[in-house]
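Chemist: Sequence and predicted structure, then a few things I'm wondering about:
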Amino acid sequence: MTGARVALKSLIRAFRGGVIPDPFDNQNNLIAGVESIGWYAERLEKIIEGMDECADWTRQDEVKQRIYELLENR
């Protein structure tokens, strides 16, 4: 698993769990009250799926373009 993929999976778990603790005050939840947190988790999953689809592509320009499209939600 790539570093980016691992980081995105970690964020998905945090979003689904509803908690990202403040590194300076672990009693403070940085995503408390965010209503659309599930949407963000779904977006990250879509980005990971797209990254997986182009993992075997040989043309880096095509990979780069696809990643940009994923990040822009296209």
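Modeler: Right, received. Where do you want to start?

Chemist: can you pull out the helices in the chain?
Modeler: Taking DSSP state H as the criterion, the chain carries its helices at 3-17, 37-53, 60-71.

Chemist: okay, the angle between the shortest one and helix 37-53?
Modeler: Just to be clear, that refers to helix 60-71. Interaxial angle, helix 60-71 versus helix 37-53 (axes from the mean of the first three to the mean of the last three Cα atoms, to 10 degrees): 170 degrees.

Chemist: for helix 60-71, packing partners?
Modeler: Here helix 60-71 touches helix 37-53, going by 3 or more Cβ pairs under 8 Å, 6 or more residues apart in numbering; DSSP states H and E. In this view, the C-beta of every residue, glycine as well, is placed from N, C-alpha and C.

Chemist: what's the lengthiest strand in the chain packed up against?
Modeler: Looking across the chain with DSSP state E, the single longest strand is strand 25-29. Applying 3+ Cβ pairs under 8 Å, 6+ apart, one finds that strand 25-29 contacts strand 21-22.

Chemist: in its sheet, what does the strand it packs on sit against?
Modeler: In the sheet, strand 21-22 lines up against strand 25-29 (antiparallel) (DSSP bridges).

Chemist: ok so, going back, now find how far off-centre the longest strand of the chain is within its chain.
Modeler: Mean-position distance between strand 25-29 and its chain equals 22 Å (Cα atoms, centre = their mean, to the nearest Å).

Chemist: And that strand, what's buried?
Modeler: Buried positions in strand 25-29, judged by neighbour count with 16 or more other Cβ atoms under 10 Å: none.

Chemist: rewinding a little: quick one: the helices of the chain as TSV, columns for mean neighbour count too.
Modeler: Formatted as TSV, the helices of the chain follow (neighbours: other Cβ atoms under 10 Å):
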stretch	mean neighbour count
helix 3-17	14
helix 37-53	15
helix 60-71	12
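
Chemist: Show me the one of those helices that comes nearest Asn29.
Modeler: helix 3-17 (10.0 Å; Cβ to Cβ).

Chemist: Now the closest one - C-alpha only, CSV.
Modeler: Provided in CSV are the C-alpha atoms of helix 3-17 (Å, rounded to 0.1, in the frame of the first residue of the first chain):
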residue,chain,number,x,y,z
GLY,A,3,1.8,6.1,1.7
ALA,A,4,-1.0,8.2,0.2
ARG,A,5,-3.4,5.2,0.2
VAL,A,6,-2.6,4.4,3.8
ALA,A,7,-3.2,8.0,4.8
LEU,A,8,-6.5,8.2,3.0
LYS,A,9,-7.7,4.9,4.5
SER,A,10,-6.8,6.3,8.0
LEU,A,11,-8.9,9.4,7.3
ILE,A,12,-11.8,7.2,6.1
ARG,A,13,-11.7,5.3,9.4
ALA,A,14,-11.6,8.5,11.4
PHE,A,15,-14.5,10.0,9.4
ARG,A,16,-16.6,6.8,9.8
GLY,A,17,-15.7,6.7,13.5
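
Chemist: Many thanks, we can stop here.
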